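J.: Starting from these lines, generate the structure:
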Amino acid sequence: MPPLYIITPTYRRPEQLAELTRLGYTLKHVLNLLWLVIEDANKTNPLVAHTLDRIGVPYEYLVAPMPEQYKLTKRAKPRGVSNRNRGLDYLRANATEGVLYFADDDNTYDVNIFEQMRYTKKVSMWPVGLVTKTGVSSPIIREGKLDGYYDGWIGGRKYPVDMAGFAVSVKFLHERPHAKMPFKPGYEEDGFLRSLAPLQNNEIELLADECREILTWHTQTKKNPAALPFNQTRYGNTNLAFIEKLLVRP
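T.: Numbering: from 1, shown residues only. Predicted coordinates:
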């Protein structure tokens, strides 16, 4: 059974532990998997490590801070790019076979997609629900062949797909040592897939019943404000003193 390498970028926010918990217990149903949780930070967070230990999925917890020039920009920031590229570096150094998949922590996954992607020879693709105004981002299949892409925003992209809609063979990645994701908001997926060239349409495997099913969704958790300061004087001798330590603050 080929191993799966699930690369999950994460960052510090109130919802962080909840989203990692939800994704982690989905991954717990998948065999022969290594979860690469990579945080946009300069050092690891004990709360995240504790959460990953409790879930019990085999994992590596790494950090990959966003480069300073992108943090300071007033434009859209390329979130998750440094994390994902760090995951690619890890695989180049530590893996020789299997399949990699970028699984954001705020998405929803049917476990069947993991078993389908496991046998990807080069690149596989499938539909992703809840994406843009079209409601779905998907390869277009005509007479059994890839014939373009359906997405609410094409934007001049060769591969207008969602991050949750493709997987790549580790061996195929090794054959393209310079493949990486660009720090270009909106074009991360396209840039990464372009960097895997040469890649022909007939080499892309079409999963989810030849792209007739939706097995991943680009769900987004409601943003929550940071928790109010804890009143140590009033609640310091109660259970709340323990719970307060579990709250992730920006």
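
J.: In terms of helix, strand or coil, where does A227 fall?
T.: coil (DSSP: H, G, I helix; E, B strand; the rest coil).

J.: what's it in contact with, if anything?
T.: Applying Cβ atoms under 8 Å, 6 or more residues apart in numbering, we find A227 in contact with 14, 247, 249. Using the backbone N, CA and C atoms, a C-beta is placed for each residue, glycine as well.

J.: And these, which is closest to M181?
T.: Comparing the contacts of A227 against M181 with Cβ to Cβ places P14 closest, at 26.5 Å.

J.: Test my guess that the closest one contacts L246.
T.: No: assessed by Cβ atoms under 8 Å, P14 is found out of contact with L246, at 11.2 Å.

J.: Unless I misread the structure, G155 falls within a strand.
T.: No: counting by three-state DSSP, G155 falls outside a strand, being coil.

J.: That one reaches E188, doesn't it?
T.: No: with contact defined as Cβ under 8 Å, G155 does not reach E188; the gap is 11.9 Å.

J.: Give me the distance from stretch 7-19 to the chain's centre.
T.: Put simply, stretch 7-19 sits 11 Å off its chain's centre (Cα atoms, centre = their mean, to the nearest Å).

J.: which residues touch it?
T.: Against stretch 7-19 from outside (Cβ under 8 Å, 6+ apart): 20, 23, 35-41, 45, 47-48, 51, 79-80, 83-84, 87-88, 100-106, 221, 223-227, 246-250.

J.: Provide a PyMOL selection command restricted to the buried entries of those residues.
T.: Buried members of the contacts of stretch 7-19, defined by 16 or more other Cβ atoms under 10 Å, are picked up in PyMOL with:
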select buried, resi 20+23+35+36+37+38+39+40+41+45+47+48+51+80+83+84+87+88+100+101+102+103+104+105+106+248
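
J.: Tell me which of the contacts of stretch 7-19 fall in strands.
T.: Taking DSSP state E, the ones among the contacts of stretch 7-19 that sit in strands are 35-39, 100-102.

J.: could these go into TSV alongside distance to T238 and pLDDT?
T.: Shown next, in TSV, are the ones in strands among the contacts of stretch 7-19 (distance: Cβ to Cβ, whole Å; pLDDT from 0 to 100):
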residue	distance to T238	pLDDT
W35	35	99
L36	38	99
V37	32	99
I38	36	99
E39	31	98
L100	45	99
Y101	43	99
F102	42	99
